[in-house]
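give me the fold of what follows.
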Amino acid sequence: MKLKSLSVVTALALAVAASACTKSSPTRPTDSGSGASTASVTDAKTGITITTPVAASPTDGQRFKYADQPLTLTVKNAAATGSGALTYTFQVASDAGFATVVQTKDGVAEGSGQTSVKLDTLAGNKDYFWRARANSGGLAGPFSKGLTFNVGPQVVLQAPTVLSPTNGGQLSGTPPAVSFANASRTGPAGNIVYRVEISTSNSFSNPTGVATVTEGAGGQTSATLNVSLTPNATYFWHVRAEDTTNGIQGPYSPTSSFQYVPFDMRQARIFDNPPDVGSWDETAKITSVEFTGDAFLVDFDKRDGPGRWVDLDFGDGRGGTLQYTLGICANLSGGWACSAVVQFWYGRELAASTPPSYVGRNWFYDGRWGALNGYQPQNGETVGIWVGHGNLRGKSYTGASCPQICDRSNVQMVTWQNDDHALYTFSAGARRLGFVRR
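Now for the predicted structure:
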């Protein structure tokens, strides 16, 4: 009987010692041990002895993300007498007793010192058990002790849906910000973040700007990119979702193009409002804009609750108070133009704005609005939504001669919808321009 190596001699000697009290059948192999590395099988006819391979990877109790698949099983080679080449059998089961074997890899050729096999994809969110044995011809060695591992849940992420700017639309603001509907998903997703890319090329081989943001509430997310864009240039953008807990990346959204049109309210033409309203303090933030067929509903963080904008005198000598005036900024051929038109007292319903398709006739209906006279935003057009504190309509005073409180919200860019429903939400938090007059 010829041994494969000196190490095999040692291993088999130990195995023989372990099984000295077991009588061999002349026609059946001897099984010494149940799973330890020293267990062996001896064929009574040929005298060939095979020891148990030693499980190396995965280790007992190891956990994997679903995305880590396909997994690889590895054992340290078994020892054997005889000159025949060894092959290996690997089993994966859903129970410790291996009554339900879900995968078997048989006839795996022995490697140098170790032998490995790659598994097919396993179902997620489950514990599994694995073991292996060596084979020489028709003789099968003893299985190694079963070890357990876990495969995490399968999570599938869909592409987010672009909201603003839409394909072929405009983007304004410094720094620029985009918004999108959150990605739908199946399975128990973990922490979701989004990767946004802006580029001068639709190949995105060298992105101009990249941002990673945590998923927002309310079904949509906004991302601000710390990047300087060239005025009136065309750019491309897309976004994808990533589950950082489970290591999953979803597909990118379809690529959308946009033209960057910078906006600075201090440079805009103002109609029927205080002429320097663009330089007033930004003490409030638009938090949502919702378009319906009947109205567009604009909310902001100082409309209600603690710290809300106080009611101001109406300012026309007739008494009464007003909380704020709702306005629009539009990019016309001569540049940006802004005006706040609809007056809201505290508690007035947000739907009092007007149907989106009626702005041209219900808001800007005569020459008081200059370039905005008769202006009707079109579907897909980028407009700015804002509110000013108190009654701004028909006022000509400036911040220097402000009779009460002169402040406004930010100007939030959105994609206009005349007929379709759309909801845009934005995080709260005011910023200051550095121009303070009281």
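
ok, now which ones touch the spatially most central residue of the chain?
Taking CA atoms, centre = their mean, the centroid of the chain lies closest to residue 241, which sits 2.9 Å from it. Counting by CB atoms under 8 Å, 6 or more residues apart in numbering, residue 241 touches 157-160, 182-183, 185, 192-194, 215, 249-250. Quick note: C-beta positions are derived from backbone N, CA and C, even for glycine.

one more time with 6 Å
By CB atoms under 6 Å, 6 or more residues apart in numbering, residue 241 lies in contact with 157, 160, 183, 192, 194, 250.

so where's the protein uncertain?
1-38, 334, 428-438 (pLDDT under 70).

neighbours around residue 56, how many?
By the criterion of other CB atoms under 10 Å, residue 56 has 16 neighbours.

again, but for residue 365
A count of nearby residues for residue 365, using other CB under 10 Å, gives 13.

and residue 118, by the same measure?
12.

bridging residues for it?
Counting by DSSP bridges, residue 118 is bridged to residue 72.

correct me if wrong: it contacts residue 73.
No - assessed by CB atoms under 6 Å, residue 118 is found out of contact with residue 73, at 8.1 Å.

who touches the helix or strand that contains residue 298?
For residue 298, the enclosing helix or strand under DSSP states H and E is strand 296-300. Here strand 296-300 makes contact (CB under 6 Å, 6+ apart) with 284, 286-290, 326, 350, 353, 356, 385, 387, 409.

now do the contacts for the residue lying closest to the residue nearest to the centre of the chain once chain neighbours are set aside.
The spatial neighbour of residue 241 that comes closest, neighbours along the chain excluded (CB to CB, 6 or more residues apart in numbering), is residue 183 at 3.7 Å. The contact partners of residue 183, by CB under 6 Å, 6+ apart, come to 157, 158, 160, 241, 250.

go with 8 Å
Residues in contact with residue 183 (CB under 8 Å, 6+ apart) are 157, 158, 159, 160, 192, 194, 240, 241, 250.

and if you look at residue 173?
Counting by CB under 8 Å, 6+ apart, residue 173 touches 262, 263, 413.

between the residues you listed, which is nearest residue 403?
residue 263 (28.1 Å; CB to CB).

with adjacent residues omitted, what lies nearest to the closest one?
residue 172 (3.7 Å).

for the nearest residue to residue 351 once chain neighbours are set aside, what are phi and psi?
In space, and not counting its chain neighbours, residue 351 is closest to residue 295: 4.0 Å by CB to CB, 6+ apart. The phi/psi pair for residue 295 (degrees, to the nearest 10) reads phi -170, psi 170.

all helices for the stretch 101-250 of the chain, in order.
Ranges of helices within the stretch 101-250 of the chain: none, based on DSSP state H, counting those that start in this stretch.

quick revisit: what strands line up against the strand holding residue 298, and which way round?
Applying DSSP bridges, strand 296-300 is found paired with strand 286-291 (antiparallel).

contacts made by the partner strand with the rest, please.
Contacts of strand 286-291 (CB under 8 Å, 6+ apart): 218, 296-301, 356, 385-387, 409-410, 412, 414, 416-417, 420-428.

if you set the cut-off to 6 Å instead, what comes out?
297-301, 356, 385, 409, 412, 414, 417, 422-426, 428.

run the chain-centre distance for that strand.
Its chain's C-alpha centre and that of strand 286-291 lie 22 Å apart, by CA atoms, centre = their mean, to the nearest Å.

now that strand - C-alpha only, CSV.
In CSV, the C-alpha atoms belonging to strand 286-291 read as follows (Å, rounded to 0.1, in the frame of the first residue of the first chain):
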residue,chain,number,x,y,z
ILE,A,286,-40.7,76.6,0.7
THR,A,287,-41.4,73.0,2.0
SER,A,288,-43.8,71.7,-0.6
VAL,A,289,-45.6,72.5,-3.9
GLU,A,290,-48.4,70.4,-5.1
PHE,A,291,-50.1,70.7,-8.5
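
ok, now which ones touch residue 196?
Applying CB under 6 Å, 6+ apart, the residues near residue 196 are 211, 223, 239.

picking that back up, among the contacts of residue 173, name the ones in strands.
Cross-referencing the contacts of residue 173 against strands under DSSP state E gives residue 413.

can you say which of the contacts of residue 173 are buried?
Neighbour-count burial within the contacts of residue 173 applies to 263, 413; the criterion is 16 or more other CB atoms under 10 Å.

residue 414 reaches residue 425, doesn't it?
No - with contacts counted by CB under 6 Å, residue 414 stays clear of residue 425, the gap being 10.6 Å.

more neighbours: which of these two?
Between residue 414 and residue 425, residue 414 has the larger neighbour count (other CB under 10 Å), namely 25 against 19.

excluding its backbone neighbours, what's nearest residue 412?
Looking at residue 412 with CB to CB, 6+ apart, the closest residue is residue 286, at 3.8 Å.

for residue 195, see how far away the one you found is.
Using CB to CB, to the nearest Å, one gets 25 Å for the distance from residue 286 to residue 195.

next one: residue 388
Counting by CB to CB, the gap between residue 388 and residue 195 amounts to 36 Å.

so which of these two has more stuff around it?
A direct count of neighbours by other CB under 10 Å for residue 388 and residue 195 places residue 388 higher, at 25 against 18.

tell me which element the more buried one is part of?
strand 382-389.

which strands and helices lie in contact with that strand?
Judged by 3 or more CB pairs under 6 Å, 6 or more residues apart in numbering; DSSP states H and E, strand 382-389 is in contact with strand 324-332, strand 407-409, strand 412-415.

might you report the residue contacts of residue 355?
The contact partners of residue 355, taken as CB under 6 Å, 6+ apart, are residue 294.
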